[in-house]
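S.K.: Provided below are the primary sequence and the corresponding predicted coordinates.
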Amino acid sequence: MVERKDPTPAADAPAPPIQATPPAAPAPGVGSARAVMFQPRQLIAAETDEQAIEAWLLQCSSAATSANYRKDADRFLMWIKARGRNLRTLVVEDLAAYSSFLNGLEELAPADAERWISSRRWPKTDIRWRPFQGPLSKASQRQALVAIGALLRWLEKTGYVDRSPAALMKIAKVRKRKVDRYLPWKAVDLLLNAADQMPVDNAEQRRYKIRTRFLVCLFSLTGARLSDLPLATMASIHRNPDGLWWWSVTGKGDKDEEVPVPRDLLTEFRKYRASMGLSELPSASDESPLVPSLRGGGPAAESTIYVALEKLFKQASTLARESDPDLGDRLDVASPHWLRHTALTRQADMKMDLRWIQANARHEDINTTMCYLHQDDRDRHRETDRVMKLETK
């Protein structure tokens, strides 16, 4: 009887690739008696991923933080569901794949881009809503991963997930660089001109025009954040005992801060109120919204303000292309947050003391404020160009 031998692969034959297949989630109730005995008790009542995320968001220190974390958590949950996963079955490879996904939004196939990206913000109830409005910057990608890591670590502590793969995820640091998403100061006048040209065929259009113009002034003259506005009241613009006008803002981390109200903004504020049939200045007890909704008694939503300014940028872009195509291109891609960058860049360009810019920006770290020192770079480039010349040509 001849003994059969398994064929021996050739020495130069390539080794089969190693398949890194994520382990399947264990079925409920499966496991040793010892594992069941020492399984930690779940400390939250959540039965679904959505409920677990809601429980986590309740721990946020402010409404603004909660809103930002919700956005990142909702995007992540939508993505893992598309992969047939849930928060309890995640492994390290899933987090690495999500990081790659965020980094590659600009290169998605058309069908995938249609699923994940919209060119503008829509209410989440609208069928045109998508979780992304375009590619994310490196800083935004990092922030998204930081938020997901915080979520998973918290869920591990509550017992909702057995172990968090976030503990094994390394998030690259993003080096701070100069802010480049800002507009030249002349663009503010262009935006105001575009607002002045808005139609006023009925009462609602008149209110919309008035509110839009005031928003441009408020953002560009104070460096406001979009999240500053929902809680702002008319009385938040007030005069202190020294006779100086300030805007009381509830900012990041629910911190109450004071922002100077320049003379031109106070003039616009008077016009804004008078155009609505109000006294030029509010009383100290006026708790009505600083930026009211046009169709209700409450404040305008952040998404409403965002869309109103985004439309204005498009209109101003059309006006700018007649004489300055480059500015038209920048306005075409600008967002409301660009007005904050524009305001802080203006202060830096005009050589304001960096400490005051930091205070106006409400930055904890002055290194963040230094990202707006564009004029120094312009001066350095001009002087280098003046000095570094060839003797012969």
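M.R.: Noted; the coordinates are in hand.
S.K.: shaky segments in the stretch 251-393 of the chain?
M.R.: 253, 392-393 (pLDDT under 70).
S.K.: what's near enough to touch V307?
M.R.: R120, R121 (CB atoms under 8 Å, 6 or more residues apart in numbering). C-beta: built from backbone N, CA, C; applies to glycine.
S.K.: any idea how far it lies from S335?
M.R.: Distance, V307 to S335, by CB to CB, to the nearest Å: 11 Å.
S.K.: swap in D385?
M.R.: 33 Å.
S.K.: and these two? Which one has more around it.
M.R.: Taking other CB atoms under 10 Å, D385 and S335 do not tie; S335 has more neighbours (18 against 9).
S.K.: quick check: the more buried one touching Y306?
M.R.: Yes. Between S335 and Y306 there is a contact at 7.4 Å, judged by CB atoms under 8 Å.
S.K.: residue boundaries of the strands in the stretch 251-393 of the chain?
M.R.: For the stretch 251-393 of the chain, applying DSSP state E, counting those that start in this stretch gives strands covering 256-260.
S.K.: give the buried residues for the helix or strand W154 falls within.
M.R.: Taking DSSP states H and E as the criterion, W154 maps to helix 138-158. Across helix 138-158, burial judged by 16 or more other CB atoms under 10 Å covers 141-145, 147-152, 154-156, 158.
S.K.: list just the nearest of the residues you listed to E364.
M.R.: Q143 (15.8 Å; CB to CB).
S.K.: isn't the closest one right up against D72?
M.R.: Yes. Contact between Q143 and D72 holds when scored by CB under 8 Å: they sit 7.3 Å apart.
S.K.: quick one: distance of stretch 137-156 to the chain centre.
M.R.: Taking CA atoms, centre = their mean, to the nearest Å, one finds stretch 137-156 lying 14 Å from the centre of the chain it belongs to.
S.K.: how close does W122 get to L215?
M.R.: Distance of W122 to L215, computed by CB to CB: 20 Å.
S.K.: out of these two, which sits in the busier spot?
M.R.: Comparing W122 with L215 by other CB under 10 Å, the one with more neighbours is L215, at 24 against 15.
S.K.: and the helix holding W154, how far out from the chain middle?
M.R.: Centroid separation for helix 138-158 versus its chain: 15 Å, with CA atoms, centre = their mean.
S.K.: ok now the helix or strand following it, how far from the chain's centre?
M.R.: For helix 138-158, the succeeding helix or strand toward the C-terminus, using DSSP H and E, is helix 186-196. Taking the mean of its C-alpha atoms, helix 186-196 sits 24 Å from the chain's own mean (CA atoms, centre = their mean).
S.K.: for helix 186-196, buried residues please.
M.R.: For helix 186-196, a neighbour-count test (16+ other CB under 10 Å) marks A187, V188, L190, L191, L192, A194, A195 as buried.
S.K.: also stretch 201-215?
M.R.: R207, Y208, K209, I210, R211, T212, R213, F214, L215.
S.K.: show me what that stretch is in contact with.
M.R.: 192, 195-196, 198-200, 268-269, 272, 275-276, 291-292, 294, 300, 305, 308-309, 312.
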